[in-house]
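[1] Can you look at this prediction? I've put the sequence above it.
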Amino acid sequence: MASAPKLPPIGDVAPLTSEERAGILDLLFEPSTQLHTLSIPLLHEKTFSSYNDLIAAVGAQLTDLSESASTSDTAWLLDILGSHPRLGAKEVESTQSQAEQAQLQGIGEDAEQLKVLNDEYENKFPGLRYVVFVNGRSRPEILEDMKRRIADSDMKTEQTVATRAMCEIAADRASKLM
C-alpha cells in the first residue's frame, strides 16, 4: 500500500525540480498545466516562511488574472479554476478531493439534484466550476449556497469566490499533508 502524500518542509521547496514543485501545487490545489506554468517559477524564485504564505502568493497570482482586462488572462484563470472537480463527481482525480467530497456523494434524487445544480451553475458561469470549501458543512447547506450563488452572483464575483475557496481548500490540505 502506498503511503499518504506529504509536503516537504517549506524551506525545501525553492530548490526542488520543476516536476516536484508541480507535485506540490497538485497536492494543494488540483492538477493544472496552467497553474504549473503560472506558479512553478514563483515557487523557485521566492522563499516562503509557511505553506499559507505560498498559498497566499498563488492566490495573488490568480487574483491578478481575475482583475486583468485581458481575455487570455481570463481564459487562463478559468482553466485553472475549472481543474477543480465537479461537486459530487463520481470520478475525481485527486485523493484530496475524493476525501473532501465523500460526504457529498449522493444516490438517486440527491445525485440528480446535484447534477442539475452543477449544470445550472456551469451554464450561468461558462468555464467555471462551483468551488466551495466544504469544511464539514452538510449537503443541504452546500446545495443552498450553490442555489444562492446561481441566483445572486455574477461572473466576476464567482471568479473571486472560486479563487478564495481554492486557497481555503489548499490551506486546509497543507495542514493535513505536513
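    Now that the structure is in, tell me what you want to look at.

[2] the helices in the protein, which residues?
    18-28, 33-45, 51-67, 71-81, 95-101, 109-124, 139-152, 155-176 (DSSP state H).

[3] shaky segments in the protein?
    Low-confidence segments of the chain (pLDDT under 70): 1-3, 89-109.

[4] picking that back up, can I get the helices of the chain in CSV with distance to Gly11?
    Where C-beta positions appear, they are placed from N, C-alpha and C, glycine not excepted. As requested, the helices of the chain are exported to CSV (distance: least, Cβ to Cβ, whole Å):
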stretch, distance to Gly11
helix 18-28, 13
helix 33-45, 12
helix 51-67, 11
helix 71-81, 26
helix 95-101, 23
helix 109-124, 40
helix 139-152, 37
helix 155-176, 14
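
[5] Which one, of these, ends up nearest to Ala4?
    When the helices of the chain are compared by Cβ to Cβ, helix 95-101 sits nearest Ala4, at 8.0 Å.

[6] Just give the number of residues close to Lys46.
    By the criterion of other Cβ atoms under 10 Å, Lys46 has 12 neighbours.

[7] I meant to write Ile24 there.
    Residues within reach of Ile24, counting by other Cβ under 10 Å, total 22.

[8] separation between Arg164 and Leu81?
    11 Å (Cβ to Cβ, to the nearest Å).
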